[in-house]
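**Student:** I'll drop the sequence and a predicted model, then ask my questions.
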Amino acid sequence: MNNYKCSVLTVVCTSLLVVGCGSDSNSETSNTPIAKGALVKAGDNQRFSDYYAQALTNANQQIRTMATTGSATTGGSGANADFAQSTTNLIEAGVDESDVMKQNASHVYTWDDSTSESVGEKHTLKLNVFAKPNAEKLAGVDIQGVYPEGIFLTGQYLAALSTKSYPQWWGYGDMMPLAAQSLSLWRWGAVQNGKAQLDVMTVENPAKPQLSKHYEWDGDIVASRRIANRLYVVTQSSIAMPPITTPQTTTQTDVTDIVERMPVDVQGQRVKPKDCYIAQTTDKQNINASIVLITQIDLTATQSPQTTCVAASTQQVYVSPKSLYLVSGQGWETQKTVFHKFVLGNTGVQYRASGEVAGGILWNNPTFSMSEHKDYFRVVTSEFVRDAATGLSDFNNRLYILKESVNEQGVFEQVAQLPNTARPARIGKPREQIMGMRFLGDNAYIVTFERKDPLYKVDLTDPTQPYLAGQLELAGYSAYLQQLTPRYVMGVGFSVDEKTLRQNGIQVSVFDTHLDTPSLVSQDVYSSVANTSWLDLPLARDSHAIMTLSNGTTTRMILPLTHSTYTNTSSVSITKGLQYEIDETTGVLKRVAEQDVNTQSSWWGWQRSMLDGDLIYWNKPQGAMSVGKWGQ
């Protein structure tokens, strides 16, 4: 099509849990083992040293080559017409995510978004405490560290996760070598790892949090999640060694060197190489020099912390209520996504299986590209290709459904794939890549995007027989999707001028998805003035930016944005909060208010709000907070 429209397809996955009986419709993909590097514990230090020496060889070779070549929807109580308190916008229900702002009935806790105060070599982070209802700022908590990662709040426990120190580099201070940074290999050159830290406090007296436990361990924080009272933190580091100029061998890197340079875990002990997982692979060129630690911490301190070591890299982490997946992309030319599954439980973190699929995952809000549902792992990827004849670029967008093999331990089987021989229809038109998506129970929704700014929505059914069920075309595109009710799905993104292709507004849409072909129910566009202003939507890259709260009949939403107005000589940026109400019976959307939060651009800060009844709490620059009223 030559118009500037969006195509929306819907994906439905039923509850059929059958493996090993794929039909002819997708026989080319059913029950196909895809793991190329299942993990196994090293078992002894020598085996790990040999493995890691190969990893250093690979890192050294790649750096020398570079040098020579240049939601879970939050809700109220259903029948209650009152609005309670909002919480952090989540990817999976029951899996809490750290954020810079949390609240309980009487107080709001925030990380200060300003840079840490430095006195000599000491850096102090500020954890602020505000009393409701007037957001009176109390004394707060000082924490020694260099960067605030996020807060968890559950019952009487407040957990503050932060970076205590950055890694130090051989000859670079705390700066990473540019070539290594470009290759995502920067941890290889560290001579001292960065450190993560966790301060667990009790808040029986919410105004004065009391330190209960302090933990610190080696590594850079990749992700963190909380399930009940257990906190899971994924960090990544390396064996701290100076750079090398020749390929590394076991002779140069002996066992003693490895043992003495392993990262320190949360209990203050060096990780034992023999206890680390390594890949069972003959593909030695893809062995990576990073070391990942999965740390499990009981916030109640009734169980000792536990550490799981994996000699691999991870760029993303997906966590369901039962499992944790380490996910990374490997190779520009091979373009594949590799994942390792670990089961979470009372006995700690246990490795289960590994696999890989073609293509890379969504670049903005990437964890929405993955989902574990009824023992199936679903993932959507895009693979960049170029037509040899025309030179035009394109994207092969695919959806994979996988399950642990019942015949081979540590291996995922591919249950289904789209497109396939029986259902060859593309996900997205030519040259459209995936820009937004969401798995929602037995459904998935995929948005694709090209220079025309179209929007596509995709439907699947049955884990063994997925199919594109329908599509909707409309102007603009959604970068973020969220389920409001079993019937209605909301999309937030951008409207687009069909002639100039310029993004000219923030677009909020409500779709009716109860039929195979979705329909647009309601839409609102917050517009900017062409050529004199610009709108930034933090939600497009940060799923915690949005606040939604349901009372069972109406969903309230606060959407932050930055509106910048400029001339030839000056510019002004204002952070705004758009307030919406959505009727959960009809799907009708209404913008009820627009609030100016501050007159400073928050591109480098955090745009967060919390709703408590009709009161809105906004975090502001330099650790301040404002209070607003719903509808004003």
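**Tutor:** Cool, the structure landed.
**Student:** all helices of the stretch 251-400 of the chain, in order?
**Tutor:** Taking DSSP state H, counting those that start in this stretch, the helices of the stretch 251-400 of the chain run over residues 255-261.
**Student:** no wait, the stretch 51-200 of the chain
**Tutor:** Counting by DSSP H, counting those that start in this stretch, the helices of the stretch 51-200 of the chain are 178-182.
**Student:** Surely Glu581 touches Thr555?
**Tutor:** Yes - under the criterion of C-beta atoms under 8 Å, Glu581 lies in contact with Thr555, with a separation of 7.2 Å. Placement of C-beta: from N, CA and C, glycine included.
**Student:** domains of the protein?
**Tutor:** 43-70+94-310, 499-632 (automatic domain parsing).
**Student:** Same list, these, but as TSV with mean pLDDT please.
**Tutor:** Conversion of the domains of the chain to TSV gives the following (pLDDT from 0 to 100):
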stretch	mean pLDDT
domain 43-70+94-310	78
domain 499-632	86
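**Student:** Any chance of CSV for those domains, columns mean neighbour count?
**Tutor:** Shown next, in CSV, are the domains of the chain (neighbours: other C-beta atoms under 10 Å):
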stretch, mean neighbour count
domain 43-70+94-310, 18
domain 499-632, 18
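**Student:** how about those domains in CSV, adding distance to Leu324?
**Tutor:** Supplementary listing: the domains of the chain in CSV, determined by distance: least, C-beta to C-beta, whole Å:
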stretch, distance to Leu324
domain 43-70+94-310, 6
domain 499-632, 18
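**Student:** of the ones you listed, which approaches Gly476 most closely?
**Tutor:** Using C-beta to C-beta as the measure, domain 499-632 is the one of the domains of the chain that comes nearest Gly476, at 4.7 Å.
**Student:** how far is the closest one from where the chain is centred?
**Tutor:** Its chain's average C-alpha position is 21 Å from that of domain 499-632, according to C-alpha atoms, centre = their mean, to the nearest Å.
**Student:** Also stretch 498-508?
**Tutor:** The gap between the average C-alpha position of stretch 498-508 and the chain average comes to 26 Å, counting by C-alpha atoms, centre = their mean.
**Student:** before we move on, what about stretch 393-412?
**Tutor:** Using C-alpha atoms, centre = their mean, the mean C-alpha position of stretch 393-412 is found 20 Å from that of the whole chain.
**Student:** Run through the residues that contact the residue most central in space within the chain.
**Tutor:** Note on the chain: the residue nearest the mean C-alpha position is Thr367, at 4.3 Å, using C-alpha atoms, centre = their mean. The contact partners of Thr367, by C-beta atoms under 8 Å, 6 or more residues apart in numbering, come to 91, 316-318.
**Student:** now Tyr147
**Tutor:** Taking C-beta under 8 Å, 6+ apart as the contact definition, Tyr147 lies against 116, 125, 162-163, 166.
**Student:** what's the nearest residue to Trp630 if we skip its chain neighbours?
**Tutor:** For Trp630, the nearest residue in space outside its immediate sequence neighbours is Asp614; the separation is 4.3 Å by C-beta to C-beta, 6 or more residues apart in numbering.
**Student:** who's in contact with that neighbour?
**Tutor:** Counting by C-beta under 8 Å, 6+ apart, Asp614 has contacts 83, 629-631.
**Student:** if we go to 10 Å?
**Tutor:** 82-83, 556, 628-632 (C-beta atoms under 10 Å, 6 or more residues apart in numbering).
**Student:** swap in Val627?
**Tutor:** Under the criterion of C-beta under 10 Å, 6+ apart, the neighbours of Val627 are 108, 130, 132-136, 612, 615-618.
**Student:** now for these, which pair is the farthest apart?
**Tutor:** For these, the farthest-apart pair by C-beta to C-beta is Glu136 and Ile616; their separation is 16.2 Å.
**Student:** those strands in the stretch 451-600 of the chain, which residues are they?
**Tutor:** According to DSSP state E, counting those that start in this stretch, the stretch 451-600 of the chain carries its strands in the segments 468-473, 477-483, 488-496, 503-512, 519-527, 533-536, 547-550, 554-566, 571-583, 589-598.
**Student:** Distance to Gln54 for the ones you listed - can I get that in CSV?
**Tutor:** Formatted as CSV, the strands of the stretch 451-600 of the chain follow (distance: least, C-beta to C-beta, whole Å):
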stretch, distance to Gln54
strand 468-473, 43
strand 477-483, 40
strand 488-496, 44
strand 503-512, 47
strand 519-527, 54
strand 533-536, 44
strand 547-550, 48
strand 554-566, 47
strand 571-583, 49
strand 589-598, 52
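**Student:** closest to Lys102 out of those strands?
**Tutor:** Within those, the stretch nearest Lys102 is strand 547-550; the backing value is 12.5 Å (C-beta to C-beta).
**Student:** name the helices or strands packed onto that closest one?
**Tutor:** Other elements packing on strand 547-550 under the criterion 3 or more C-beta pairs under 10 Å, 6 or more residues apart in numbering; DSSP states H and E are strand 554-566, strand 571-583, strand 609-612.
**Student:** Pairing partners for it, with directions?
**Tutor:** Paired strands of strand 547-550, with direction, are strand 554-566 (antiparallel) (DSSP bridges).
**Student:** Fine by me, we can end here.
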